[in-house]
Structures are given as structure tokens and as C-alpha cells.
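Peer 1: curious how this folds, go ahead:
(chains A, B, C and D)
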2 protein chains.
Amino acid sequence: MWSIFDFFDTIFRVNDQAKQALQEIIREKTYSKNEIIQAIGSRCRTIYFVKSGGARIFYYKDGTDITEHFAFDNDLIVRAESLFTGNPTSKGIQAIDATRMLAIDSEKLFHLYDQHHDLERLFRLIFEREYVNTVKRLESLQFKSAKERYLELLDTTDFVQKIPLKYIASYLGITPVSLSRIRAGID
Amino acid sequence: MWSIFDFFDTIFRVNDQAKQALQEIIREKTYSKNEIIQAIGSRCRTIYFVKSGGARIFYYKDGTDITEHFAFDNDLIVRAESLFTGNPTSKGIQAIDATRMLAIDSEKLFHLYDQHHDLERLFRLIFEREYVNTVKRLESLQFKSAKERYLELLDTTDFVQKIPLKYIASYLGITPVSLSRIRAGID
DNA sequence: CAAAAAAATTAACAAATGATAAAAAATCAA
DNA sequence: TTGATTTTTTATCATTTGTTAATTTTTTTG
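Peer 2: Below is the predicted model of the structure:
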């Protein structure tokens, strides 16, 4: 049977005690389409992995809903600026589809780091990967045109079909109208 | 006398053996203005902390020099997409000014993680902060206007005066001409 | 210091993107 | 299924940013 540990093992194989301890703080949760998983203004104290379905991190800028991040199969989803600082964040998490999540309480996990060096290493490596993804995305936003960014997204992300275009637009840093225009210009 | 450990201690206080082991792999290096510290195309195997002066991460997109990152006093500077993957990167590091750096060999450091849990924790926390900074910058690039981004940079970064405007322009994702226009429009 | 080179500004026009409104298409809910 | 709602597209015009080129200012170097 499939388990998140198959995925963890591809990153770093932890010893059995660590695995057991981690196992004990993992909970499975299900969300319906469009359900708010974590509210805007809350603190990030949960580390989610998408088991099925998908979710997004979003916030409002001048009343406009902006999608900052997408997550699908096996992807991690956390609001880093809160998780790693303890500060509340103006970002929320919402299910894009009917979604099953694995949820890890971050405070419990961080405590386990003291007893299980292996867990600290596993999650260090997981978050390093996430950090690298963020740098790549930065690069894309900094100097690529909206059209380039859209084509790149089509190219690198499976599941694009599952995402409403209005979410994709703000993710790319443009308006839905602009995205329509760009799509119309591609044959 | 001032030491980088004063800074490290504000993040996480490591035990004496760890401190000693880390001390042994720190080297001080000096660079002259505009000197290339790490060449484009190389692998990132060094973690730098700026002791004095400043540096930037840059790359070329369609022949145009783009600055991705600035670092000044006490700031960390690494090319994460290479450091954490082992892959070569198309980005380089250049001194903006006469600069003194503390340089840590990353391979040696990563090996020390096995013997010194404390060091793994210290650097995990350091890179988590850096990750949070990157997320903030992403937010800025995704939906703020060039003028907003410029004002934000003025507001949050000391040392702006030390940076040539051409570097600032590409950092903001705009051309130098555009930046001049924005500056002309501020009274 | 003076000449040369590099950086920054200004101007004029082009291209990309935003804003608003209306129409068409897709989705949702009774 | 059907009417209502939401999403996407299309169109028009405004604004922002890019491009090129010329000019001014600053920095570098002999």
C-alpha cells in the first residue's frame, strides 16, 4: 500500500524510531472543493502534503484575490513566512478540488527534532527543495514576459487543466483578461 | 572583538565543540570592486557571509545582465538552486564594492552536520530565514507595480545608495530607463 | 587634471498589460 | 433540466513599461 514514507524515503531514509515517532503525528484530513483549509490571518502550525486533489495559497491585495502557490500530488504546502517565524500571515490555504491531505502538527514535529536528528534532516532537505522551487519561481517572475511564464507553467505543471484560469492569472502576476488574450494568441 | 558567532548566536547558540569545528572551516576572503567571486556556470560549494562591502547574484537573460539578489553586512549569499541540488548554475556572484567575506566550504559543513547536530540546526534556521526572505520578494514581484517595488526597496534596504541603479533596475524586474522615469516621478 | 568610458536621464514612439464593460460559455444549484 | 451564477472571452481605451537614440552626468583612467 502506498504511503507518504515512500516519498520521504526518496529524500532521506530515517531510522525506524524516527519513522514511528513521525507516523504518530501524521493525520489524514479531507476537504471539499473550495473549502478553506487555513484561514487568512492565522498562524501556520501545520505542514500539509497533498495526497489527492489540490490546494492553493492565496491572499488579498487591494481586494483582489491572488494565488501565490499551487500544490498537487505529493507536494508540500506551508505558509513559510509564518511557519518559520511564528508570526500570523495574511495568506490562507484553500482546496481547489476535493482533496485529501496529510497534516503534520509543526510544533510537535519541531519538538521531535530534538530527539530524532533524522527527522530534522529529512525536513531540512524537504524545505531546501521547496526553497529552491521558490528561487526558480522568482526567476520566472523577475524577467520573463507573461506569455513566457504561462508557457512555462503549461510545460512544468501537470494538473494545469484542473486549475481555474482566474487562479492561474494571478499566479502569473497578471489579470484574467490578460491571460485570455495570451491564450487567444497561442495556436 | 566582533565575530560572526555573535550573529550566529542570535539565531541559535551551538555548543563549544560545534563552534570549534565550524571555526576551523571558516576562511576570510577579500575581493576588489566588481571582482567575480563565483563564476557563472560553476557549482555553489561555498556559503558566504558579508563582513563588509556588498555583493550580488547575477545572470544573463538574452544577453542582459540581471541582478537576482543583493547581500550586505552579515547577509548570507549562496546560489541555493546549486547548493541544495549539486547542479551547476547559470548564476554568478560579483562584489559590488571592495568586500570582505567569510567563506564556508559547504561540503565540509554538510559533513559536520553528521557529528554536530547543533550545526545542522544552526544552518537549517539560517536557511529558513533566507527562504522566508525569498517568499517575501516573490510576493513583491508578483503583484506590486515597479514603483511600489522601488519604494519598498528604499524602505527596507540600507545600502541602496551603494548600489548602481542599473543593478537595482534589473533587481526590480525593469529596465534602467524605466527606473529613471520612476525616480523622476518621486518628489 | 583632462580625456575617455560608463552610467543615468530624457524624449519619442511601440508594445504589453490593466481597467471597464458587455457577451459568451461553463458551472452550479434548485 | 433549467435558471442563476460564475468564469472566460472579447472589445475598447488608458496606463505602464519597453526600445531606441541622443544628451547629460558621473566615474575611471592615463
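Peer 1: middle-most residue in chain A, spatially?
Peer 2: A:Ile77 (2.8 Å; CA atoms, centre = their mean).
Peer 1: for A:Phe7, give its distance to chain B.
Peer 2: Counting by CB to the nearest CB, to the nearest Å, the gap between A:Phe7 and chain B amounts to 18 Å. Placement of C-beta: from N, CA and C, glycine included.
Peer 1: list the contacts for the residue nearest to that residue when sequence neighbours are not counted?
Peer 2: Of all residues not flanking A:Phe7 in the chain, A:Asn74 sits nearest, at 5.3 Å (CB to CB, 6 or more residues apart in numbering or on different chains). A:Asn74 makes contact with A:Ile4, A:Phe7, A:Phe49, A:Val50, according to CB atoms under 8 Å, 6 or more residues apart in numbering or on different chains.
Peer 1: take those residues and keep only those in helices.
Peer 2: Residues of those located in helices (DSSP state H): A:Ile4, A:Phe7.
Peer 1: quick one, phi psi at the residue nearest to the residue nearest to the centre of chain A when sequence neighbours are not counted?
Peer 2: Spatial nearest neighbour of A:Ile77, excluding adjacent residues (CB to CB, 6+ apart): A:Ala71 at 4.0 Å. The phi and psi values for A:Ala71, taken as degrees, to the nearest 10, are phi -140, psi 130.
Peer 1: how many other residues sit next to A:Ala71?
Peer 2: 22 (other CB atoms under 10 Å in any protein chain shown).
Peer 1: same question, A:Ala98
Peer 2: Other residues close to A:Ala98 by other CB under 10 Å number 14.
Peer 1: what does the one 5 residues further on give?
Peer 2: With neighbours defined by other CB under 10 Å, the count for A:Ala103 comes to 15.
Peer 1: what of A:Leu153?
Peer 2: Counted with other CB under 10 Å, residues neighbouring A:Leu153 total 16.
Peer 1: next up, the contacts around the residue lying closest to A:Pro164 once chain neighbours are set aside.
Peer 2: Nearest in space to A:Pro164, with sequence neighbours left out and distances taken as CB to CB, 6+ apart, is A:Ile96 at 7.7 Å. Going by CB under 8 Å, 6+ apart, A:Ile96 touches A:Lys33, A:Asn34, A:Gly53, A:Gly54, A:Ala55, A:Arg56, A:Phe70, A:Lys162, A:Ile163, A:Pro164, A:Tyr167.
Peer 1: coming back round to it: residues in contact with the residue nearest to A:Ile77?
Peer 2: If a contact means CB under 8 Å, 6+ apart, then A:Ala71 has A:Tyr48, A:Val50, A:Gly54, A:Ala55, A:Arg56, A:Ile77 as its contacts.
Peer 1: again, 7 Å this time
Peer 2: Counting by CB atoms under 7 Å, 6 or more residues apart in numbering or on different chains, A:Ala71 touches A:Val50, A:Gly54, A:Ala55, A:Ile77.
Peer 1: is the residue nearest to A:Phe7 in a helix, a strand, or coil?
Peer 2: Here A:Asn74 is coil, with the state taken from DSSP: H, G, I helix; E, B strand; the rest coil.
Peer 1: any idea of the pLDDT on it?
Peer 2: Note on A:Asn74: pLDDT of 90.
Peer 1: if I look at it, how far off is DNA strand C?
Peer 2: Relative to DNA strand C, A:Asn74 is positioned 25 Å away (CB to the nearest atom of the strand, to the nearest Å).
Peer 1: again with A:Ser106
Peer 2: For A:Ser106 relative to DNA strand C (CB to the nearest atom of the strand), the value is 32 Å.
Peer 1: quick one, what contacts that residue?
Peer 2: A:Arg45, A:Thr46, A:Ile47, A:Leu83.
Peer 1: now those as a markdown table including neighbour count and pLDDT?
Peer 2: Compiled in a markdown table, the contacts of A:Ser106 are given as follows (neighbours: other CB atoms under 10 Å in any protein chain shown; pLDDT from 0 to 100):
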| residue | neighbour count | pLDDT |
| --- | --- | --- |
| A:Arg45 | 18 | 98 |
| A:Thr46 | 22 | 98 |
| A:Ile47 | 21 | 98 |
| A:Leu83 | 21 | 98 |
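Peer 1: DNA strand D contacts on chain A?
Peer 2: A:Pro164, A:Leu165, A:Lys166, A:Pro176, A:Val177, A:Leu179, A:Ser180, A:Arg181, A:Arg183, A:Ala184 (CB under 7 Å from any atom of the strand).
Peer 1: need the pLDDT of the first one.
Peer 2: Looking at A:Pro164, its pLDDT reads 96.
Peer 1: also the fourth one?
Peer 2: In the predicted model, A:Pro176 carries a pLDDT score of 97.
Peer 1: around it, how many other residues sit close by?
Peer 2: Neighbours around A:Pro176, by other CB under 10 Å: 14.
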